[in-house]
Each structure stands twice: as structure tokens, then as C-alpha cells.
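Engineer: pasted the sequence and its predicted model underneath.
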Protein chains: 2
Amino acid sequence: MALGKDYLGQDCSLSRGLELLGERWTLLVVQNALYGVRRFSDFQVRLDIPKAVLSDRLTRLTEGGVLRKRQYQPSPPRYEYLLTDAGVELWPVIYSLSVWSHRNIGGEPPRLFRHAECGSGLLPSSDCPQCGQVAPGEVEMYPGPGPKRTDPVSRAMNRPRRLLEPVVPE
Amino acid sequence: MALGKDYLGQDCSLSRGLELLGERWTLLVVQNALYGVRRFSDFQVRLDIPKAVLSDRLTRLTEGGVLRKRQYQPSPPRYEYLLTDAGVELWPVIYSLSVWSHRNIGGEPPRLFRHAECGSGLLPSSDCPQCGQVAPGEVEMYPGPGPKRTDPVSRAMNRPRRLLEPVVPE
DNA sequence: AGTGTTGGTTCAATGAACGAACCGGGGTAG
DNA sequence: CTACCCCGGTTCGTTCATTGAACCAACACT
């Protein structure tokens, strides 16, 4: 999307959002960050994405305030990408688009979501039918009927767990 | 996105949704359809989009069940693109992403939305704080503080009106 | 000294987007 | 009847983005 060839001339907030989030792979990166993926190589394994593109997307999301890059050990220097508060707020957007896609395009979901406190499935808005609004940290993901990837990161992700809980592949 | 170079290998609903909706311009086309734009030339004027790209997006959205092409007069033959039920169901996704963008990126919105029945502003989920869920046809849009485009289609859209109400430029 | 892991960058080839030109069916004004 | 305009596109050469393979540097392990 880059400079010059952007959605400028558009007057709406949506176009500014898509400027940051609308490029290929970007929303899938955010989705995986919500699922607990934090490290460059884990994103790469899960997504099968060219490294150059992943590098670009992580940089742009960091500059855009969706992710935050943190060095989590000094030697050897290793980094992780964490969602900011703004990034976590994308959960309802991503969840509602997933639900729409499942309903209107089809396919079986590999993962399901429920409110950890009460066990209810979530509404398309990501709210709980019993309890109302649900913080992403209160959402539990667990395996659904759909096909699953078999790489180590995906396998670690298929154990029941909370959103945002870091993925530890092994 | 096309054939071969898609998100295949991804296991989630989101990737299938982005296959259809994730290309450049696509969500802006849907947004404008929700705002009442129906005709090829009106999309083109509002969006400043190359005709070839617009043609491709309208075709793909039609094939994907988001839009429906209808001839609305026999002579000269003229066509319009209407949202299907599935297309209308994208309203919460588009609205919540717009709200996120406004909150986290900034800029003044050119249009605001309220529940026509009770006058309340909408929650980010597109629900009404008073009445709960709101059908898109019950949403009224009206001019906000932000900048507005001056083309005839945008000017017609800046009058207060319901979502989905056809735009008639003049 | 050699091998492996992490987190990248570089580069040539391919594919998508852009914008200008063109086109055809059907008005409509002179 | 001729000329011109509108709508809804298609075609095409140029520019831009994505891809996948190769390379690289820092450090750890054996």
C-alpha cells in the first residue's frame, strides 16, 4: 500500500484503518497474536508467509501502535511482538469477521470460543449471551471440528487455552 | 489474490473471509453499498478507483454472494449492485472496524450513526445501548464533523438518511 | 571448528493495481 | 440523419507489491 498509492482522498475512518490493517496477511498476523503467537519464527511457521512480508507487516503494525516489540532476553538477543491495548481491541472485529465467514462461506472452524467464567459460546459481537461484554482474557479457545495444521506452533495452539496466553511450542 | 496465491494452507474461517473481502478496495465497496451506493459509475466517482479494479471487485463480490446484480431498466440497459442478506450482515464488521480506526488512528468522522427509533448513538458492536440489537435499516446516518468529499454522490450521501437507502445524486 | 537457531535482508521473477485510451448500445439535440 | 453524451464496462503498457530462494550476523552448543 505504501506511500502515494494509498486510500487518500477517502474521507472515512475505515479507509485509514485499512491503510494499516488492510494489506495481505496483516489481519492474520493480528489474529495469531491474539491466539498467543509472539515470536517472528512462530508467526512464520504458523502462517507460511514470506519472511520479507512478515518483517514488513510486524514493522508496520508496530509503527501503527497495534504491536509492541520487546526484547525478552539479552543474550542471544531475542524479541517478541506483543499486542498493545489498541491491538487487543481488534478482537471483536476479527471474531465477528470469522463468524461471518463461517456462516456465509462455510468450512468447519478448527477452534471454538467460549466465555471462560460461564462456559457460554460467544455471540458474533464477541459478547457473552449470559454476562454481556467479555474481555479477551476471559475468552477460552478450544479445538473445534475443522481441520488443523500440524506444525508445532499450531499443535501448541490446539490445547484449550485463553486468548493472549503465550504459545509455547515444543 | 486470485488462484494459486491465496491463503490456502490456513485453517481458519478468517482466511476464507479475507480471500473474498481482504483485497484492496473490497471492504470500501461494501461500505458504500451499505451507504446506499448501487451503480457502477457512482462507486467509481465516490471511491476514485480504477474501473478495471472496480469491475473485478463487483464481480467477485457478486460471485461470493455479497452483492447481487440487477438490471433496473430495460432500455438503455442499466444495472445496479444490491447487497444480499449476507452482505448486509457485514455492517457490524465494517462499523466496528471504523470505530476502532477512529479511536486508534484518529481523524474526524464525516458521518455519524444513531438508532433511528430512539436517537441513541451506537456502541462499537453496532448495537444500541438502549434497545440492544439494531437492524441496519434502523440505523440513521447524518453528517459528522470530519471532512467530506464534494463529488455529487458524496454530497447526496451527506444528507441524513437510513443505511441501505439508495443514493440519488443530482 | 563446525552446526544450529533466531531474526532478519537482498534479489530476481511473478502477479496485481493503476490510469489512460478505447468501445458499444442506446439516448438526445440540432 | 448526424453528432455528441452517458453508462458500464474492456484493453493495455507501466508501476508497485508479493513471492520464494539465497544469504547473513549474532550467539549457543558440541
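Structural biologist: It's in.

Engineer: and the strands in chain A?
Structural biologist: Using DSSP state E, the strands assigned to chain A run over residues A:67-73, A:78-83, A:111-115, A:139-143, A:161-162.

Engineer: nearest residue to the residue nearest the centre of chain A in space, please, no chain neighbours.
Structural biologist: Centroid-nearest residue in chain A, with C-alpha atoms, centre = their mean: residue A:31, separated by 1.3 Å. Nearest residue to residue A:31, sequence neighbours excluded (C-beta to C-beta, 6 or more residues apart in numbering or on different chains): residue A:94, at 5.2 Å. C-beta coordinates here come from the backbone N, C-alpha and C atoms, glycine included.

Engineer: now for the one you found, how many residues are close by?
Structural biologist: Residues near residue A:94, counting by other C-beta atoms under 10 Å in any protein chain shown, number 24.

Engineer: my guess is it contacts residue B:15. True?
Structural biologist: No: counting by C-beta atoms under 8 Å, residue A:94 sits too far from residue B:15 to count as a contact (11.4 Å).

Engineer: in JSON lines, list the strands of chain A along with mean pLDDT.
Structural biologist: Putting the strands of chain A into JSON lines (pLDDT from 0 to 100) gives the following:
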{"stretch": "strand A:67-73", "mean pLDDT": "95"}
{"stretch": "strand A:78-83", "mean pLDDT": "96"}
{"stretch": "strand A:111-115", "mean pLDDT": "96"}
{"stretch": "strand A:139-143", "mean pLDDT": "97"}
{"stretch": "strand A:161-162", "mean pLDDT": "96"}
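
Engineer: which residues touch residue A:38?
Structural biologist: Contact analysis of residue A:38 by C-beta atoms under 8 Å, 6 or more residues apart in numbering or on different chains lists A:80-82, A:166-167.

Engineer: are any of those buried, and if so which?
Structural biologist: For these, a burial check counting by 16 or more other C-beta atoms under 10 Å in any protein chain shown picks out A:80-82, A:167.

Engineer: from those residues, which is closest to chain B?
Structural biologist: residue A:167 (14.9 Å; C-beta to the nearest C-beta).

Engineer: the residue nearest to the closest one when sequence neighbours are not counted: how many residues sit nearby?
Structural biologist: Closest residue to residue A:167 apart from its sequence neighbours, by C-beta to C-beta, 6+ apart: residue A:36 at 4.1 Å. Residues within reach of residue A:36, counting by other C-beta under 10 Å, total 20.

Engineer: same question, residue A:101
Structural biologist: 23.

Engineer: name the residues of chain A found near DNA strand C, please.
Structural biologist: A:5, A:39-42, A:51-52, A:55, A:58, A:69, A:76, A:78-80 (C-beta under 7 Å from any atom of the strand).
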